[in-house]
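Q: pasting the structure only:
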């Protein structure tokens, strides 16, 4: 078993409204920053032990599907690094 | 001017309690997943126009310092890609 860190990034699907990101963008603009768009996402870094990179990645995807992301409104991606 | 996407990742400093991450970890464990640790972070993807990668990165760092991160409890890092 090897130690891995799986990074799961959960973002809203294209077309789903994100009032929090919109408010953040407006606040930055009010401070004088020029920007074209701002998107917010959640990032989870999970430390786990697994037999291989593939096994760690599969387990992290299952975590995303069962708890970390809501498949109706979220997309997610998983990246795995050895610790 | 070129279009860039700056990704700002904001995480709690080491030692700052994160009850949300702890609850998420416990929920995953209750579902039968084995994991050693879980950390949560916020990720902001900012589309902006700038003269260079360095200029885009500097502007995104300023956004982090002035609004996206709270320097008392957060660390942040910035990554810039051309769009």
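A: Thanks, I have it. Since we're looking at a predicted model, the values are computed, not measured.
Q: So what touches the helix or strand containing residue A:56?
A: Take DSSP states H and E as the rule and residue A:56 turns out to sit in helix A:53-63. Taking contacts as C-beta atoms under 8 Å, 6 or more residues apart in numbering or on different chains, the residues outside helix A:53-63 that touch it are A:4, A:6, A:8, A:44, A:46, A:48, A:50, A:76, A:78, A:80, A:82, B:28, B:33, B:35. Any C-beta I mention is one placed from the backbone N, CA and C, and that applies to glycine too.
Q: Which positions within it qualify as buried?
A: A:55, A:56, A:57, A:59, A:60, A:61, A:62, A:63 (16 or more other C-beta atoms under 10 Å in any protein chain shown).
Q: And the second one, how far from chain B?
A: I take that to be residue A:56. Plainly put, residue A:56 is 10 Å away from chain B if you go by C-beta to the nearest C-beta, to the nearest Å.
Q: Show me how to select, in PyMOL, the buried members of the contacts of helix A:53-63.
A: In PyMOL, this line selects whichever of the contacts of helix A:53-63 come out buried by 16+ other C-beta under 10 Å:
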select buried, (chain A and resi 4+6+8+44+46+48+50+76+78+80) or (chain B and resi 28+33+35)
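Q: so residue A:50 touches residue A:83, yeah?
A: No - using C-beta atoms under 8 Å, residue A:50 makes no contact with residue A:83, being 10.9 Å away.
Q: what touches both of the two?
A: A:2, A:4.
Q: Now do the buried residues in stretch A:66-75.
A: Applying a neighbour-count criterion of 16+ other C-beta under 10 Å, the buried positions in stretch A:66-75 are A:68, A:69, A:74.
Q: Out of those, flag the one nearest to chain B.
A: Closest approach to chain B among the buried residues of stretch A:66-75 (C-beta to the nearest C-beta): residue A:68, at 7.3 Å.
Q: between the contacts of helix A:53-63, which is nearest residue B:16?
A: Of all these, residue A:44 has the smallest distance to residue B:16: 16.6 Å, by C-beta to C-beta.
Q: Now do the same contact list for that closest one.
A: Applying C-beta under 8 Å, 6+ apart, the residues contacting residue A:44 are A:7, A:8, A:10, A:63, A:68, B:21, B:24, B:38, B:39, B:40, B:41.
Q: can you tell me which two in those are farthest apart?
A: Greatest spatial distance among the contacts of residue A:44 (C-beta to C-beta): A:63 and B:41, at 15.8 Å.
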